[in-house]
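Asks: Got a predicted model here, sequence first, then my questions.
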Amino acid sequence: DIYHDFNEAALSGPLPADTTVEDVFKLRKNSGINPDKFVSARMNEANQGLASLLDAKKIPFIYRVNGPKATPDAYKKARTRLAELGYAIPVDGKDFTYDALAELVDDARSKGDSEAVFRILNQKLVDRHAYATSNVGHQALSVDCYGHFTSPIRRYSDIVNLRAVHTLLGQTDFGLKPYDLEHMEETAYHLNHLREIERLAKKEYTKEKSVEKLKASLDQHIEMIVLDVHKTGMSVVHAPTGLRSYVPFNSTSGVRTVGQIEGLTDTFRLYSQESRMKDVQKNGRICGKLSGISPKGEQLSVEFF
């Protein structure tokens, strides 16, 4: 494959038969091929090919799956979060195609909500890879069957799957053992659990960075999306960062009381100390001057009047 691909890249001549991978990498400037992407593509092909072969031969192994069908609960949560921001995706994750994803991203960019929408997609959908003992496909790679085989030094799933390859080849000394077969589902669960710990840590880090970014807007007017309105305050999302927070109605906000507008279930009227009024709507947008933010960003002080 290396020989073929680099010849196709219009090099000055055919590669010698004893060419090594290291020699190939030295040709980067001449070939125009990025070695990292080149090797990654070959690894993906190997992973897909071996997974498809084992699947066809009914040899048990640990699949690598991705997409709404892999984690339906995450898809449901993503759909709810996106709806709060005013974006709609199909009810069934199987109908959430790449065209629908591209349309959503373009819409978010045009409205200035790209960071908030990307945060939901990354946390709930795009980044929701999982290990499984049954196959639902890998949407991110647009393949029906996928598994990890090429990095046994750093991933335990690859070790198990290479044992499955040895089983297919009849090499029982190196093949799947009874323990592997009996605990394969448990192994997949454990790998996913470790991945979830990593995901939550990343989520907290992202939130911390969002708080830091929002602090740069202190004493400036910010735009928020209204999620819900209560007697004591309202739940909001800061559109540029995607940070979910709560704004209390107090002396800082200038809101004396709030009432629901008759006949409009999702529209509310805020009254100031001087009886000035401002209407807000669920999933609508409101601007105010940011005067304070709690250490973890769970509460904002915003002046509306």
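Replies: Okay, I see it. Residues are numbered from 1 along each chain as shown.

Asks: hey, let's count contacts and neighbours off CA atoms from now on
Replies: Fine.

Asks: Angles on the backbone of the residue of the chain positioned farthest from its centre, please.
Replies: Most distant residue from the mean C-alpha position of the chain: Glu274, 45.4 Å away (C-alpha atoms, centre = their mean). The phi/psi pair for Glu274 (degrees, to the nearest 10) reads phi -90, psi 20.

Asks: before we move on, what about the one 4 residues further on?
Replies: Per-residue torsions, Lys278: phi -150, psi 130 (degrees, to the nearest 10).

Asks: tell me the contacts of it?
Replies: Residues in contact with Lys278 (C-alpha atoms under 8 Å, 6 or more residues apart in numbering) are 269-271.

Asks: Now for those residues, which sits with the most neighbours around it?
Replies: Leu270 (21 neighbours; other C-alpha atoms under 10 Å).

Asks: Give me the number of neighbouring residues for Val160.
Replies: 23.

Asks: Specify the local secondary structure of it.
Replies: The three-state assignment at Val160 reads helix, by DSSP: H, G, I helix; E, B strand; the rest coil.

Asks: any idea how far Glu274 is from it?
Replies: Using C-alpha to C-alpha, to the nearest Å, Val160 is found at 70 Å from Glu274.

Asks: Likewise for Ala46?
Replies: 70 Å.

Asks: in the stretch 201-305 of the chain, which ranges drop under the pLDDT threshold?
Replies: Judged against pLDDT under 70, the stretch 201-305 of the chain has no low-scoring part.

Asks: what are the ranges of the strands in it?
Replies: 221-229, 233-238, 243-248, 255-260, 267-272, 277-281, 285-293, 300-303 (DSSP state E, counting those that start in this stretch).

Asks: Go ahead and name everything in contact with the last one.
Replies: This means strand 300-303. Under C-alpha under 8 Å, 6+ apart, the answer for strand 300-303 is 245-248, 252-254, 288-294.

Asks: And the first one, by the same measure?
Replies: Residues lying outside strand 221-229 but in contact with it, judged by C-alpha under 8 Å, 6+ apart, are 84-85, 234-239, 268, 280-290.

Asks: Check the gap between the residue nearest the centre of the chain and Asn44 for me.
Replies: Residue closest to the average C-alpha location in the chain (C-alpha atoms, centre = their mean): Asn122, at 1.7 Å. To Asn44, Asn122 is 21 Å away according to C-alpha to C-alpha.

Asks: still on that earlier bit, which among the contacts of strand 221-229 count as buried?
Replies: Those of the contacts of strand 221-229 that meet the buried threshold are 84-85, 234-239, 268, 280-286, 288-290, by 16 or more other C-alpha atoms under 10 Å.

Asks: list the buried ones in stretch 190-201?
Replies: Result for stretch 190-201 [16+ other C-alpha under 10 Å]: buried residues 191-192, 195.

Asks: Next: stretch 172-181.
Replies: Buried residues in stretch 172-181, counted by 16+ other C-alpha under 10 Å: 175-176, 180.

Asks: before we move on, what about stretch 249-257?
Replies: 249-250, 253-257.

Asks: can you check stretch 208-224 too?
Replies: 208, 210-211, 214-215, 218, 222-224.

Asks: go on, stretch 124-138?
Replies: Buried residues in stretch 124-138, defined by neighbour count with 16+ other C-alpha under 10 Å: 124-126, 128-133, 135-138.

Asks: Now flag whichever of the residues you listed is closest to Ser151.
Replies: Comparing the buried residues of stretch 124-138 against Ser151 with C-alpha to C-alpha places Tyr131 closest, at 15.1 Å.

Asks: what about the closest one, which SS state?
Replies: Following three-state DSSP, the label given to Tyr131 is strand.

Asks: show me what contacts it?
Replies: Per C-alpha under 8 Å, 6+ apart, neighbours of Tyr131: 62-65, 188-189, 191-192.

Asks: Among these, name the ones in helices.
Replies: Applying DSSP state H to the contacts of Tyr131, the entries found in helices are 188-189, 191-192.

Asks: how about JSON lines for these, with pLDDT and distance to Val105 added?
Replies: Rendered in JSON lines, the data for the ones in helices among the contacts of Tyr131 read as follows (pLDDT from 0 to 100; distance: C-alpha to C-alpha, whole Å):
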{"residue": "Ala188", "pLDDT": "94", "distance to Val105": "32"}
{"residue": "Tyr189", "pLDDT": "93", "distance to Val105": "32"}
{"residue": "Leu191", "pLDDT": "94", "distance to Val105": "30"}
{"residue": "Asn192", "pLDDT": "91", "distance to Val105": "28"}
